[in-house]
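# sequence-free structure coming up:
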């Protein structure tokens, strides 16, 4: 079954259960469910929902379903949902969001009847503080809330100590409380192992006496990087070749189809360099830039707008500075950025690394995902505005193809 934007079904106003699983709903219209006000169960598993469409109409699409109790959105490759997508659905008891690519959790504060929410096998690196507070507030002996998080890889660093404590002290019914995570050394472990040494982790975060352990972790990461360099560098090319060998040709979007040539992501510590030097050097070469201090619309939901801006841009340039790494939004920005590295766009993300920044080992997984030729090192704090070699490299990196078609032709 295929949906069309303006399609509607009449005469089923009393229908309570609807199952469109495995149908094609990528073009579903925002008013489609207006004629089903009594639905209590809606299954939309593996229906090819378009993420951009859901971002734009998600809250409006489900708004009429005020009696809905069960919602299934599993297996749709969704990366981010509107924060208010569940607003008004106060009767919801069970939400299934497993087997997607979600990097954040929508607002749950209005779901006073929530019993179960399934978030397994997504791309969650954390459960934000607001969501934790909401789940703690909603759960009680009369209304125990079950939350499934298995299959996500969380951060087990200094920034995650409150999350670790919540895993083992909350009254919310979690599915085992022992999840995969990346520890402060950049190694994959489990929350259970890290929590056994929770006190030591807290002392480490407060005192900063971690030099010996850090050196050991850096050495391990370097060995892993050296031994797996060839595979990591070429794995996307290999996958593309295999897909095309079996006849699954994937055509990437062209540069002229995007609103911007490049989206610049940066922290406030370099905004003058970006807004003056970088803007002048690239726009004089004919590139159209999105710059936060100039083009961002204030008051919008930051994760949603960040995703949209990257999606509208041919390339994404992230400027890695001490100020960026110290910002509260660094983890979310990197997670969303990684979601845009795909089989057809392996070269979409570019990094400009300040020569003075000390790269922590816990973001090694992020650096490994970016092609080495798309990483540029530059002394931002001591620059010469007439350095044509650097700006020519950046310009040619931006206009270069996003795919690997030239490699396998």
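It's in. Just so it is clear, the model here is predicted, and its values are computed rather than measured.
# From here on, just use CA atoms for contacts and neighbour counts.
Noted.
# mind checking which helix or strand of this structure has the lowest mean pLDDT?
Lowest on mean pLDDT, DSSP states H and E among the helices and strands of the chain sits helix 405-408, with a mean of 40.
# My impression was that residue 261 belongs to a strand - is that right?
Yes. Read with DSSP: H, G, I helix; E, B strand; the rest coil, residue 261 is one of the residues of a strand.
# From residue 318, how far off is it?
Counting by C-alpha to C-alpha, to the nearest Å, the gap from residue 261 to residue 318 is 14 Å.
# Repeat that for residue 333.
Taking C-alpha to C-alpha as the measure, residue 333 falls 9 Å from residue 318.
# Over to residue 47?
Counting by C-alpha to C-alpha, the gap from residue 47 to residue 318 is 33 Å.
# what about residue 151, distance to residue 8?
Residue 151 is 37 Å from residue 8, where distance means C-alpha to C-alpha.
# can you check residue 291 too?
Distance from residue 291 to residue 8, by C-alpha to C-alpha: 41 Å.
# More neighbours: those two, which one.
residue 291 (18 against 15; other C-alpha atoms under 10 Å).
# got a list of what that one touches?
Counting by C-alpha atoms under 8 Å, 6 or more residues apart in numbering, residue 291 makes contact with 263, 264, 265, 274, 275.
# Now do it, the pLDDT please.
Per-residue confidence (pLDDT) for residue 291: 91.
# how far away is it from residue 297?
Counting by C-alpha to C-alpha - residue 291 and residue 297 are separated by 11 Å.
# next one: residue 261
19 Å.
# mind listing the strands for the stretch 1-150 of the chain?
Using DSSP state E, counting those that start in this stretch, the strands found in the stretch 1-150 of the chain span residues 17-19, 41-43, 70-72, 94-96, 116-118, 146-148.
# Turn those strands into a markdown table, columns for mean pLDDT, mean neighbour count and distance to residue 379.
Output for the strands of the stretch 1-150 of the chain, formatted as a markdown table (pLDDT from 0 to 100; neighbours: other C-alpha atoms under 10 Å; distance: least, C-alpha to C-alpha, whole Å):
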| stretch | mean pLDDT | mean neighbour count | distance to residue 379 |
| --- | --- | --- | --- |
| strand 17-19 | 94 | 13 | 56 |
| strand 41-43 | 96 | 19 | 53 |
| strand 70-72 | 97 | 20 | 49 |
| strand 94-96 | 97 | 21 | 47 |
| strand 116-118 | 96 | 20 | 45 |
| strand 146-148 | 96 | 20 | 45 |
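# In JSON lines: the ones you listed, plus distance to residue 347.
Output for those, formatted as JSON lines (distance: least, C-alpha to C-alpha, whole Å):
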{"stretch": "strand 17-19", "distance to residue 347": "39"}
{"stretch": "strand 41-43", "distance to residue 347": "36"}
{"stretch": "strand 70-72", "distance to residue 347": "34"}
{"stretch": "strand 94-96", "distance to residue 347": "33"}
{"stretch": "strand 116-118", "distance to residue 347": "33"}
{"stretch": "strand 146-148", "distance to residue 347": "34"}
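# For the residue nearest to residue 135 when sequence neighbours are not counted, which residues are in contact?
Closest residue in space to residue 135, ignoring its immediate chain neighbours: residue 172 at 6.9 Å, by C-alpha to C-alpha, 6 or more residues apart in numbering. Residues counted as contacts of residue 172 (C-alpha under 8 Å, 6+ apart) are 135, 136, 139, 144, 145, 146, 147.
# So among the residues you listed, where is pLDDT lowest?
Across the set of those, residue 144 stands lowest in pLDDT, at 86.
# was I right about residue 391 contacting residue 283?
No. Counting by C-alpha atoms under 8 Å, residue 391 sits too far from residue 283 to count as a contact (11.1 Å).
# These two - which one has more neighbours?
Set side by side, residue 391 and residue 283 show more neighbours around residue 391, with 16 against 12, by other C-alpha under 10 Å.
# On the three-state scheme, the more buried one is what?
Residue 391 is classified as helix under three-state DSSP.
# Centroid-nearest residue for this protein?
residue 336 (3.2 Å; C-alpha atoms, centre = their mean).
# Who are the contact partners of the closest residue to residue 9 other than its chain neighbours?
Of all residues not flanking residue 9 in the chain, residue 35 sits nearest, at 6.8 Å (C-alpha to C-alpha, 6+ apart). By C-alpha under 8 Å, 6+ apart, the contact set of residue 35 is 8, 9, 10, 12, 13.
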